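Trainee: Below are the sequence and a predicted model for it; my questions follow.
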Amino acid sequence: MPKVVDHDLRREQLAASACEAIAEWGLDKVKLVKVARSAGFTTGALTHYFPDKASLLLAAQRFAMKSMSVRIVQRLATNPKDYFSALCEALPIHPAAARESLVWYYFWMRSLSDPMIREAQAAEHAAWLEQVKTCIAGLSRRSAYLSQQEMEDEAEELIAFINGIAIRAVLEPKAWPARRQITSLKRYLTRAGLDQKPSSRPLSSGRN
């Protein structure tokens with residue numbers, strides 16, 4: 001009986017392996033053979049799903065954003081009112097998130113000269129924006145009185161702040177440990193008037 005292959009799972013495994021490779025070596029030094037070997041596949045198996053490096057890199061970029069999005073969904077599924085901790089999943093406060101933030105940083109730099117990556121980032125940003133708007137609506141009673149444009153602006157400003165923390169934490173991890181990142185986010189939400197219903201539920205273990 002022929003072996004049943006889960007092609008979607010294989011694509012995800014290869015994309016995850018590519019993310020790890022990017023975080024370790026940067027975009028320019030990623031090699032298909034290294035990614036395939038790390039994921040436990042041959043180079044031929046990898047090129048069956050991703051015919052070239054460009055397609056693999058795009059998959060890695062999508063995977064990094066999807067991983068964060070899934071953590072946020074899981075956080076809210078466990079505790080539907082834990083919007084603050086959900087937002088914290090976008091900060092590099094644990095190894096997986098730190099690796100993703102580093103990958104995003106590499107792709108942000110590459111997007112300045114690569115229209116394909118820039119277009120993919122725009123689509124991912126739009127989805128992330130909707131998640132942030134959901135968190136804002138859950139955190140603050142004031143959000144009920146915001147117009148659609150005002151809500152959009154609040155979410156964009158919050159994303160810009162989170163991105164800024166992520167960049168600083170990637171560049172200076174010792175100066176920006178998890179505790180400082182979380183505290184900074186709390187202060188931002190207070191200043192913005194978005195902390196009227198903060199969560200007191202502790203974040204998962206393993207964070208400094």
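Mentor: Yep, that arrived. Numbers count the residues shown, from 1 in each chain.
Trainee: contacts, neighbours, all on C-alpha from now
Mentor: OK.
Trainee: Who are the packing partners of the helix or strand of the chain with the lowest mean pLDDT?
Mentor: The helix or strand of the chain with the lowest confidence, counting by mean pLDDT, DSSP states H and E, is helix 32-39 at a mean of 89. Packed against helix 32-39 by the contact rule (3 or more C-alpha pairs under 8 Å, 6 or more residues apart in numbering; DSSP states H and E) you find helix 7-25, helix 43-49.
Trainee: Residue 61: which of those is closest?
Mentor: helix 7-25 (7.5 Å; C-alpha to C-alpha).
Trainee: Which other helices and strands does that closest one contact?
Mentor: helix 32-39, helix 53-78, helix 95-111.
Trainee: Show me which residues of the longest one are buried.
Mentor: Yep, that's helix 53-78 we're talking about. 56-65, 67-69, 71-73, 75-76 (16 or more other C-alpha atoms under 10 Å).
Trainee: Out of the helices and strands packed on helix 32-39, which gets nearest to residue 110?
Mentor: helix 7-25 (12.3 Å).
Trainee: and the nearest residue to residue 137 once chain neighbours are set aside, what does it touch?
Mentor: Leaving out its chain neighbours, the residue that sits closest to residue 137 by C-alpha to C-alpha, 6 or more residues apart in numbering is residue 143, at 5.5 Å. Going by C-alpha atoms under 8 Å, 6 or more residues apart in numbering, residue 143 touches 136, 137, 151, 194.
Trainee: Quick check: which ranges of the chain have low pLDDT?
Mentor: Within the chain, the ranges that satisfy pLDDT under 70 run 1-5, 196-208.
Trainee: what's residue 176 sitting at in phi/psi?
Mentor: phi -130, psi 70 (degrees, to the nearest 10).
Trainee: quick one: secondary structure of the residue lying closest to it once chain neighbours are set aside?
Mentor: If the residues on either side of it in the chain are set aside, residue 176 comes closest to residue 169, at 5.0 Å by C-alpha to C-alpha, 6+ apart. Here residue 169 is helix, with the state taken from DSSP: H, G, I helix; E, B strand; the rest coil.
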